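> Sequence and computational prediction follow.
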2 protein chains.
Amino acid sequence: MPEIRKDYATPTWVVFSAARSQRPGAFRNPKDATPKETCPFCEGHEAMTPPEVLAYRDGGKPNGPGWSIRCVPNKFPALERVGDVREHRDGPFVSVDGVGAHEIIVESPEHGEHLATLDDRRVEQVLQAYRERYHDLAADRRVRYVQIFKNHGERAGASFSHPHSQIIAIPIVPLRILEEFEGVRAHAVDRDGECLFCEILRRELSVGRRVVAENGAFVALEPFAARFPFETWILPKVHARAFETLSDPDRGALARILKDILGRMARMLDDPSFNYYIHTAPVREPEGTYHWHLEITPYLTEIAGFERGTGFYINPVVPEDAAAILKGEIRWSAARPSAT
Amino acid sequence: MPEIRKDYATPTWVVFSAARSQRPGAFRNPKDATPKETCPFCEGHEAMTPPEVLAYRDGGKPNGPGWSIRCVPNKFPALERVGDVREHRDGPFVSVDGVGAHEIIVESPEHGEHLATLDDRRVEQVLQAYRERYHDLAADRRVRYVQIFKNHGERAGASFSHPHSQIIAIPIVPLRILEEFEGVRAHAVDRDGECLFCEILRRELSVGRRVVAENGAFVALEPFAARFPFETWILPKVHARAFETLSDPDRGALARILKDILGRMARMLDDPSFNYYIHTAPVREPEGTYHWHLEITPYLTEIAGFERGTGFYINPVVPEDAAAILKGEIRWSAARPSAT
């Protein structure tokens, strides 16, 4: 069983998973994309993955062709749904048993697709699959947080180029969510219960300089203290604590704005590697204000010793310039992005 | 002037520095190492950098050849020693003026050197330069933290292959140091003032499974919850709050153990890219227990959406195996590192 250990001094947790060391390219930066012939996510190759846990199909049998979205357990899982979450504590050595889940959501049967150019309807299906898998994993009493995320491109950690997302369910609320929760809590105490993210939305929309796009239900903006060039957040306009409560009409609006932003990045930044991940309230945590959102972080600069050592970032592109570039108001030049 | 902004909800700070966007390879992963001919850190090329702030020389004039170690301001600095640190606060928008410093310590006049194969005496000189520059930068009343670090190799963010370290002085105590301080403080309250790191040293040395090397003054170990494969920490055996108080004899011991660990990594892990950085007590912070140390983090796996989203890490190599591999007890195989 994998083990989840806590850092001696800080609430940083680490999953130790020997299975992860066996996946293709675990310790190498693969120089070539996985070829179609050996891609486990291509239609017709269903036998190369564990059996599916969810699929949207026009026909065909489970674990055969005919699907548009297919969810499978990760063949090299960081965590599995086996056993109890026991804590082990011996002075500064703290660990819990590595119980959780690690799944893949294959976004298309086509090897060369990109989420930004799928039909709106297909992107909605991807979001629908996120929600369905979220609910199933969150129903497990051992799970405290469900992280939905996507790695696109080699620099962003994608081992396969076939378009896919991932979900990892963990038995601990992670540090970044705890930190955000605490910030939102402190703000609510100061401001008579107002949600911090609602205030940000109100103020960012009134100024507009960091807003890239909006529709009836969502806003896409460059956060005031973006850690990475062109880091972009998508937030629901109406206060909503948790992603998994997303309504059907809002799912359409989210699909459109997500496609829009990923398309702008692909066109204007030369298809960069990126991650995105959804920040939502912890599972079965009835207390505390929160406002779910999706954060997109492209890879255009390297994270290095300063960032690893301090948790302090250096970003050469101010968010106001990044927004103007993504809106097409000024042109991105890698040599001098803020030349206006 | 650069601007340092705080994240809306968390104590994550970001320096926005347009100067950084103009350095070579700022937005590209350079595929080739800088050639010697155009390397600003090579002997004879002193005019390619800003004037030196410190150099160890056997002869020659300032800013000419004849040096063994040379420190210069970064030509593309994240921060500069100009102006006052004013805070700007407008609801969730918090920033301070970007005052600080960013310097380069060129470790050798030779382009192709590696810290692991320099003479012991030369590595001691590098550490001596760290200490001298630390004291000068920390004397600036505007500086709250001085981060000494090194990026080696392209994946670790080194823009130049010529061996060098960097120092960034910032007007804010960074998140990771605050978190460690808080952990050490909480431990001292529980344990009648005992230093957390002193307890870790005592226990790790008595078990030995995660200890890679030790000498009279220092221990090198794989931390219990290493975030990265082969992450290695070097800690002084005798309680010491701050790196900058390092004595001359201890400097020799640190040089030897640092060379030893970097040499093991270069030989056994095929010269991986790595960062190291020194964690020390904040400048002019008389309160609070701390125990300085140096953390080395090789790049063998990718950090991806899960880690960025959560601050939770997945590490495929358990520290006990990493220690055994670095001690030569078991062989590292990228395909299956924990096969014993």
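Arrived safely.
> can you list the weak-confidence ranges in the stretch 101-250 of chain A?
In the prediction, the stretch 101-250 of chain A carries no residues with pLDDT under 70.
> Can you name the residues of it sitting close to chain B?
The interface of the stretch 101-250 of chain A toward chain B, taken as Cβ under 8 Å from any Cβ of the partner chain, is made up of A:145, A:147, A:149-151, A:155-158, A:166, A:168, A:170, A:172, A:174-177, A:179-180, A:182-184, A:187, A:196-197, A:199-200, A:203, A:223-227, A:229. All C-beta atoms are positioned from the backbone trio N, CA, C, and that covers glycine.
> Among the residues you listed, which lie within helices?
Secondary structure defined by DSSP state H assigns A:175-177, A:179-180, A:182-184, A:187, A:196-197, A:199-200, A:203 of these to helices.
> Could you verify my assumption that A:T301 touches A:E231?
No. Counting by Cβ atoms under 8 Å, A:T301 does not reach A:E231; the two are 11.1 Å apart.
> Nearest to the spatial middle of chain A, which residue is it?
In chain A, the C-alpha closest to the average C-alpha coordinate belongs to A:Y277, at a distance of 1.6 Å (Cα atoms, centre = their mean).
> Ramachandran angles for that one?
phi -150, psi 150 (degrees, to the nearest 10).
> now it: how far from chain B?
3 Å (Cβ to the nearest Cβ, to the nearest Å).
> can you tell me which residues contact that residue?
The contact partners of A:Y277, by Cβ atoms under 8 Å, 6 or more residues apart in numbering or on different chains, come to A:Q147, A:I148, A:F149, A:K150, A:L294, A:E295, B:G305, B:F306, B:R308, B:G309, B:T310.
> Mind telling me what element the residue nearest to A:K327 when sequence neighbours are not counted is part of?
Using Cβ to Cβ, 6 or more residues apart in numbering or on different chains and skipping the chain neighbours, the partner closest in space to A:K327 is A:V212 (6.0 Å). Element membership for A:V212 (DSSP states H and E) is strand A:211-214.
> Against which helices or strands is the next helix-or-strand element following that strand packed?
In the C-terminal direction, the helix or strand that comes right after strand A:211-214 (DSSP H and E) is strand A:218-221. Here strand A:218-221 touches helix A:196-207, strand A:211-214, strand A:232-236, helix A:248-268, going by 3 or more Cβ pairs under 8 Å, 6 or more residues apart in numbering or on different chains; DSSP states H and E.
> Using JSON lines, please lay out those together with mean neighbour count.
Conversion of the helices and strands packed on strand A:218-221 to JSON lines gives the following (neighbours: other Cβ atoms under 10 Å in any protein chain shown):
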{"stretch": "helix A:196-207", "mean neighbour count": "18"}
{"stretch": "strand A:211-214", "mean neighbour count": "20"}
{"stretch": "strand A:232-236", "mean neighbour count": "24"}
{"stretch": "helix A:248-268", "mean neighbour count": "18"}
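> Now tell me what touches stretch A:111-127 from outside.
Outside of stretch A:111-127, the residues that reach it under the criterion Cβ under 8 Å, 6+ apart are A:36, A:39, A:41-42, A:56, A:68-69, A:105, A:107-108, A:150, A:152, A:161-163, A:165, A:246, A:251-252, A:254-256, A:258-259, A:262-263, A:265-266, A:271.
> Run through the residues that contact A:T232.
With contacts defined as Cβ under 8 Å, 6+ apart, the neighbours of A:T232 are A:V212, A:A220, A:L221, A:E222, A:I261, A:M265, A:E295, A:I296, A:A322, A:L326.
> List buried residues within the residues of the stretch 101-250 of chain A next to chain B.
A:145, A:147, A:149-151, A:155-158, A:166, A:168, A:170, A:172, A:174-177, A:179-180, A:183-184, A:187, A:196-197, A:199-200, A:223-227, A:229 (16 or more other Cβ atoms under 10 Å in any protein chain shown).
> Now do the closest residue to A:P40 other than its chain neighbours against A:T10, distance only.
Counting by Cβ to Cβ, 6+ apart, the nearest residue to A:P40 once its immediate chain neighbours are dropped is A:M48, at 3.7 Å. When distance is defined by Cβ to Cβ, to the nearest Å, A:M48 is 39 Å away from A:T10.
> Need the nearest residue in space to A:Q128, chain neighbours excluded.
Excluding the flanking residues, the one nearest A:Q128 by Cβ to Cβ, 6+ apart is A:R251, at 6.5 Å.
> Confirm for me that the one you found is in contact with A:A129.
No. With contact defined as Cβ under 8 Å, A:R251 does not reach A:A129; the gap is 10.9 Å.
> Could you save the contacts of A:T232 as CSV and add columns showing distance to A:D192?
Putting the contacts of A:T232 into CSV (distance: Cβ to Cβ, whole Å) gives the following:
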residue, distance to A:D192
A:V212, 31
A:A220, 28
A:L221, 25
A:E222, 28
A:I261, 33
A:M265, 38
A:E295, 27
A:I296, 32
A:A322, 33
A:L326, 35
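> and of the residues you listed, the nearest to A:R20?
Sorting these by how near they are to A:R20, with Cβ to Cβ, puts A:E295 at the top with 23.3 Å.
> which stretch of helix or strand covers the closest one?
Per DSSP H and E: A:E295 is located in strand A:293-298.
> List the buried residues in that strand.
For strand A:293-298, the buried set under the neighbour-count rule, 16+ other Cβ under 10 Å, comprises A:H293, A:L294, A:E295, A:I296, A:T297, A:P298.
> check contacts around A:M1.
The neighbourhood of A:M1, defined by Cβ under 8 Å, 6+ apart, consists of A:E80, A:V82, A:G83, A:D97, A:G98, A:V99.
> ditto for A:G305
By Cβ under 8 Å, 6+ apart, the contact list for A:G305 reads B:F149, B:K150, B:N151, B:A156, B:G157, B:Q166, B:N275, B:Y276, B:Y277, B:T297.
> so what's A:A225 closest to, chain neighbours aside?
Nearest residue to A:A225, sequence neighbours excluded (Cβ to Cβ, 6+ apart): B:R5, at 3.9 Å.
> typed the wrong thing, it's A:R203
Ranked by Cβ to Cβ, 6+ apart and with sequence neighbours excluded, the top spatial neighbour of A:R203 is B:G91, at 6.7 Å.
> separation between the one you found and A:L235?
16 Å.
> Not counting its neighbours along the chain, what's nearest the closest residue to chain B within the stretch 1-150 of chain A?
When scored by Cβ to the nearest Cβ, the stretch 1-150 of chain A has A:A9 as its residue closest to chain B, at 3.0 Å. When the adjacent residues along the chain are set aside, A:A9 lies closest to B:G183, with 3.0 Å between them (Cβ to Cβ, 6+ apart).
> who's in contact with that neighbour?
For B:G183, the residues meeting the contact criterion (Cβ under 8 Å, 6+ apart) are A:D7, A:Y8, A:A9, A:T10, B:L196.
> Those in helices, which ones?
The members of those that map onto helices under DSSP H are B:L196.
> Show me which of the contacts of B:G183 is closest to B:P316.
For these, the closest approach to B:P316 (Cβ to Cβ) belongs to A:D7, at 17.7 Å.
> Please report the distance of that closest one from B:A225.
5 Å.
> list residues touching both of these two?
Shared between the contact lists of A:D7 and B:A225 (criterion: Cβ under 8 Å, 6+ apart) are residues A:W13, A:V14.
> one step back: now flag whichever of the ones in helices among the residues of the stretch 101-250 of chain A next to chain B is closest to A:P282.
A:I177 (6.4 Å).
> Looks like that closest one contacts B:A9 (just checking).
No. When contacts are counted by Cβ under 8 Å, A:I177 is not listed as touching B:A9 (10.3 Å).
> What does the residue nearest to A:P40 show for phi and psi?
Backbone torsions for A:M48, taken as degrees, to the nearest 10, come to phi -80, psi -10.
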